[in-house]
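S.K.: Predicted structure and sequence below. I'll ask about it afterward.
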Amino acid sequence: MSSSNVPIFTLSNGVRMPSVGLGTWQMTGDQGRTVIRNAILAGYRHIDTATLYQNEDQIGDTMAELFSEGVVKREDLFITTKAFCHEVAPDVIEEALRNSLKRLRLDYVDLYLAHIPAATRECGNHRTDVKVEDIWRGLEKLYEMKLTKAIGVSNFNESQIERVMMIHKVPIHASQLELHLYLPQKAHRELCKKHNIVITAYATLGSPGRMSVVGADGKPLFDSTKNAANELNDKNVKALALKYNKTPAQILLRATVEMGIVVIPKTRNPDRMKENINIFDFNISKAEVNLLEAHERSKPERLFWWPNVADHPEDPFAAERSK
C-alpha cells in the first residue's frame, strides 16, 4: 500500500493501515489541495480528515487528479473521515457518511469514526436520547453496507469503549484520541490491547497549530492550554534527537509508532512533511522508548477539552473536568 518503508498495522478485520498518516485539521482551500498533493507525492498513503475540518472537497478533488494522472490508485490509499456530534446519531449517520463520500469523490472510506461520543442536533443542542451504544449500532450498519472498510471511535473514554464492546456485533477496529508524551493514555492503551483495537494518536507533537484557533467570541479557543509544556523541548527527547541526528519531532513520532500506535502529524511545510514520514532509517530501542515513557507528568496535560460537549450525559471528559 505504501511507496515508502512505513510499517503497516493490521486491524482486527484484516484491513491494513499505514502507521504514519497526514492529519489535515486546519487545511482548507487551495492550500489544502497543495498540502494533500505534496503529501501523497512524498509517500503518504494514509490521510485523516473529518466533516469538522471542512476540507473533504479539496481532498477529494486532489485525489481524483492524482488518480487520473496515474500517481496512485484508490486502493493504494487509506482514507479516514469522521462524523461530528450532529452526525453521529443513528438516524443521521448514513446520510453524513454519504455526504462525506460525495465530497471525497469515493465509493467507500477505509475507516469511519464517530468523532466524539456526544450526539447533538445541527444547532449544537445536546441530544440526550442517543447513547454510545446507539452511535455504535449506526456505525455497524454502515460497515455492513460496505460504505466503510472499518469502523471506530474517537475521543471515547475507557468505560464508553467497554460499553460498546458489551453490545457489539462488529468490534471496534480503531480508537483515535489525544496521546503524547505528557498524556500517555496508559489505561486506554491497555484496554485497546485487550480488545485488539488499533490506536491512532493525535497531537503527538503538541499541536502548536491549535493556538491560532479563535472561538465565536473572537478569543483564542485554546487559551487555557497556552502554557502547556512542549514535548519537543523535553530533555530526553532532545538527547535522543542528538544521538540519532534526527529532530525532536522525528523522535516523538518514531517512539509512538514503536509502541504500536498510528501517528497522523499535521504540517503544511513540505520539508517537515518529508521529515515526519522519514523516521524508519534508524532504530530506537525499547529501553529508549521506556525512558521517554518514564518521564510522564504527575498531572497529564490534556490540550483538547471539547467544551461543546461539557455537561452532555456522554461527555467523555466529565471525570477529568470535575478534578
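M.R.: Sure, I can see it. Numbers count the residues shown, from 1 in each chain.
S.K.: Would you indicate which residues of the worst-scoring helix or strand of the chain on mean pLDDT are buried?
M.R.: Lowest on mean pLDDT, DSSP states H and E among the helices and strands of the chain sits helix 286-294, with a mean of 87. Buried residues in helix 286-294, counted by 16 or more other CB atoms under 10 Å: Glu288, Val289, Leu292. The way it works is simple: take the backbone N, C-alpha and C, and place the C-beta from them, glycine included.
S.K.: same check, this time on stretch 79-99
M.R.: 79-90, 92-94, 96-97.
S.K.: try stretch 228-244
M.R.: Neighbour count says stretch 228-244 has Ala228, Asn230, Glu231, Leu232, Asp234, Asn236, Val237, Leu240, Ala241, Tyr244 buried, by 16+ other CB under 10 Å.
S.K.: was I right about the second one contacting Gly206?
M.R.: Yes. At 5.1 Å, Asn230 and Gly206 qualify as touching, with contact defined as CB atoms under 8 Å.
S.K.: Point out where the stretch 201-323 of the chain drops to low pLDDT.
M.R.: 221, 295-299 (pLDDT under 70).
S.K.: tell me the phi and psi of Met166?
M.R.: Main-chain torsions, Met166, degrees, to the nearest 10: phi -80, psi -20.
S.K.: Tell me which residue of the chain is furthest from the middle?
M.R.: Ranked by distance from the centre of the chain (CA atoms, centre = their mean), the top residue is Lys243, with 29.2 Å.
S.K.: Against Ile251, how distant is that one?
M.R.: Shown here: Lys243 relative to Ile251, a distance of 9 Å by CB to CB, to the nearest Å.
S.K.: In helices only, show me the buried residues of stretch 228-244.
M.R.: Within those, residues falling in helices by DSSP state H are Asn236, Val237, Leu240, Ala241, Tyr244.
S.K.: Could you list the buried residues of stretch 52-66?
M.R.: Buried, per 16+ other CB under 10 Å, within stretch 52-66: 52-63, 66.
S.K.: ok, residues contacting stretch 70-79?
M.R.: 1-3, 16-18, 21, 40-41, 45-47, 49, 59, 63, 66-67, 104, 106, 109-111 (CB atoms under 8 Å, 6 or more residues apart in numbering).
S.K.: What residues of the helix or strand just after the least confident helix or strand of the chain count as buried?
M.R.: Going down the chain from helix 286-294, the next helix or strand is helix 318-321, by DSSP states H and E. Neighbour counts over helix 318-321 (16+ other CB under 10 Å) mark no residue as buried.
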